[in-house]
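>>> no sequence on this one, just coordinates:
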Ligand code: 2DT
Ligand code: MG
């Protein structure tokens, strides 16, 4: 019998929602519970494309909006063979941002052009300002209306441990039901 595939668990949200902290804690907890689980993040800044993105985000370089959108996409596609291999081997992947950030942040950019006057002070990286994050949040809410995806909303205003517990329980459930959707359907 083929091994059960792993679950693809994506944490999405605006900056400073606690995604990176929670992703790390989730992988730790899943491994401690006897699952095989590994952490991925996007953008993955270590690859050649990732280095271009990192430089762009740090405002050390400018890239045309459509081009940078495609670079973010390429930065995910270059990991897809690895993702498929891990999942088919039964490894659960916890992913700190995925394509939804791609849509939400590019979408927020389009919206911001319409309403540029509301732009707040910039943080040290591109996109790190309140008005932009608010736009991104609106885009995330729009994306969550797509019911074909198994979205679960977590209240990130609770304590780190309480949020972790919510995510851990939801993730255990996702791992149990992960075989319902065959791997081949994930990238259609
Ligand atoms: P981190 O702070 O999480 O490293 O993210 N972003 C991310 C996009 O604009 N498009 C994408 O496809 C992805 C994955 C969100 C750095 C910033 O990159 C943005 C915040
Ligand atoms: Mg950031």
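In hand now; what should we look at? Please read all numbers here as calculations on a predicted model, not as lab measurements. Ligands and ions are numbered 1, 2, ... in the order given.

>>> Distance check, the residue positioned nearest the centre of the chain against ligand 1.
Centroid-nearest residue in the chain, with Cα atoms, centre = their mean: residue 97, separated by 1.3 Å. According to Cβ to the nearest ligand atom, to the nearest Å, residue 97 stands 4 Å off from ligand 1. Heads up, the C-betas are built off the backbone N, CA and C, glycines and all.

>>> Quick check: phi and psi at that residue.
The phi/psi pair for residue 97 (degrees, to the nearest 10) reads phi 80, psi 140.

>>> so what's it up against?
10-12, 19, 41-43 (Cβ atoms under 8 Å, 6 or more residues apart in numbering).

>>> contact partners of the worst-scoring helix or strand of the chain on mean pLDDT?
Within the chain, no helix or strand scores below helix 99-114, which has a mean of 87 by mean pLDDT, DSSP states H and E. The contact list for helix 99-114 (Cβ under 8 Å, 6+ apart) reads 10, 12, 42, 65, 69, 72-73, 76, 119, 127, 131-133, 135-140, 142-143.

>>> Buried residues, it. List them.
For helix 99-114, burial by neighbour count (16 or more other Cβ atoms under 10 Å) applies to 99-109, 111-112.
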